[in-house]
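*Asks:* sequence and predicted structure, then a few things I'm wondering about:
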Amino acid sequence: QLQIIKVWHDADGGFHQQVNDIAGNSDNGAAVDLRNCEVSGPGDMQLCATWRDPQFKADQASAYYIRVLENPSCRWSWRQCLSLPEENRPAACFDAAIPKTIQERAWSSPVWYAPNG
């Protein structure tokens, strides 16, 4: 999935963030089989989009950056657990608080907008 994140401060100094989904689909049915870490479901080899800020204000400083979200995959710690026989796995392998999957991300450098004056 491809997103554009907009950040800005309001007149009172409050910080705001807006996430704009512009390509791909986070609800695309991608899955991970936790028995062997095989991934399934659709994904995109390439995403391309054009976006214009519908709430752009010429007098408001802001910044924009692109974020890319991959389909979920097994977390490194769960891969290590699977490499061991179940009876030899440490307690952390059975801890429900430790996620078994992760969704990798990449992001661009921000583009800063500053009003004239």
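*Replies:* Nice, I can see it.

*Asks:* quick one: residues contacting the residue nearest the centre of the chain.
*Replies:* The chain has L69 as the residue nearest its centroid, 3.8 Å off, counting by Cα atoms, centre = their mean. When contacts are counted by Cβ atoms under 8 Å, 6 or more residues apart in numbering, L69 touches Q1, Q3, G24, S26, Q103, E104, R105. Bear in mind the C-beta positions are built from the backbone N, C-alpha and C, glycine included.

*Asks:* also R67?
*Replies:* L2, Q3, I4, I5, R105, A106, W107, S108.

*Asks:* list the buried residues for the helix or strand hosting it?
*Replies:* For R67, the host element (DSSP states H and E) is strand 62-69. Of all the residues in strand 62-69, those buried under the rule 16 or more other Cβ atoms under 10 Å are S62, Y64, I66, L69.

*Asks:* least confident pick among the residues you listed?
*Replies:* Lowest-confidence member of the buried residues of strand 62-69: L69, scoring 92 (pLDDT).

*Asks:* which residue packs closest to it, ignoring adjacent ones?
*Replies:* Spatially, and ignoring its direct neighbours in sequence, L69 is nearest to Q1 (4.5 Å; Cβ to Cβ, 6 or more residues apart in numbering).

*Asks:* now for that neighbour, how many residues are close by?
*Replies:* 20 (other Cβ atoms under 10 Å).

*Asks:* on that earlier part again, max pairwise distance over the buried residues of strand 62-69: which two?
*Replies:* S62 and L69 (21.8 Å; Cβ to Cβ).

*Asks:* adjacent strands (with direction) for the strand holding R67?
*Replies:* Strand pairing for strand 62-69, determined by DSSP bridges: strand 2-9 (antiparallel), strand 105-107 (antiparallel), strand 111-113 (antiparallel).

*Asks:* go through the ones you listed and pick out the most buried.
*Replies:* Of all those, strand 2-9 carries the top mean neighbour count, a mean of 17, counting by mean count of other Cβ atoms under 10 Å.
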